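Visitor: Have a look at this prediction, sequence included:
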Amino acid sequence: MTKAADRRLRAWAVPVLEVWHGVFAGAYLVAFWTAEGNVGMHRTAGYLTLGLLVVRFLAATAAPAGSPLALPWATMRQWVGFVRSLSGRGARALGGRHPLIPLSGLLLLAAVTLVVFTGALMHGRGARELHESLGNISLGIVTVHVGLIVGARAIRRLAAHPAAASPSGRTS
């Protein structure tokens, strides 16, 4: 892919992916929050989540390597660089782009896929308990994923403005 084609792809793919993230997160949260109450809304949000997963996996399958729409697999080189960065920079290494964020995103997609399929195929008490357990596990993965993203942004901001990290406003 040429650089111009890559720029054109990113110009529309990144905003589309951001909208997808927002709708996906909203559908997931509605499904989670209505699990014990409004069954109709819970099912609707669950099926919307399932549809969004199908769209995401189809887009990732059709996307060229390196595209924002491709699934973000970290290479061994990226992992080795990240581990080296951790040993040299400590927690500051978490402030840049590192492979834990895409890994948590992939784990999240896998967990939510299991949740929606167990919900769609749910028959009997055992399936309901499995669905609920997977839903609770997926919430933990969501929390880790969001924490990694928020933490990385906070670390980047602190690194960019070291005076803000010092209570007195002075750097040593």
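Guide: Perfect, thanks for sending it. These numbers were taken from a predicted model, which means no experiment stands behind them. Numbering: from 1, shown residues only.
Visitor: What segments of this structure are strands?
Guide: Counting by DSSP state E, the chain has no strands to list.
Visitor: What are the structural domain limits within it?
Guide: 1-70, 72-172 (automatic domain parsing).
Visitor: which residues are in contact with stretch 25-43?
Guide: 45-46, 48-49, 52, 112, 119, 132, 135, 138-139, 142 (C-beta atoms under 8 Å, 6 or more residues apart in numbering). To be clear about C-beta, it is placed using only N, CA and C from the backbone, and glycine gets the same treatment.
Visitor: Repeat that for stretch 121-130.
Guide: Outside stretch 121-130, the residues touching it (C-beta under 8 Å, 6+ apart) are 118, 131.
Visitor: in that stretch, what's buried?
Guide: 122, 130 (16 or more other C-beta atoms under 10 Å).
Visitor: got the CA coordinates for that stretch in PDB?
Guide: C-alpha atoms of stretch 121-130 as PDB (Å, rounded to 0.1, in the frame of the first residue of the first chain):
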ATOM      1  CA  LEU A 121     -27.400 -20.000  22.900                       C
ATOM      2  CA  MET A 122     -28.600 -20.100  26.500                       C
ATOM      3  CA  HIS A 123     -30.900 -22.900  27.500                       C
ATOM      4  CA  GLY A 124     -31.200 -24.200  31.000                       C
ATOM      5  CA  ARG A 125     -29.800 -23.100  34.400                       C
ATOM      6  CA  GLY A 126     -26.200 -24.200  33.800                       C
ATOM      7  CA  ALA A 127     -25.900 -22.100  30.600                       C
ATOM      8  CA  ARG A 128     -27.300 -19.000  32.500                       C
ATOM      9  CA  GLU A 129     -24.700 -19.400  35.200                       C
ATOM     10  CA  LEU A 130     -21.900 -19.800  32.600                       C
END
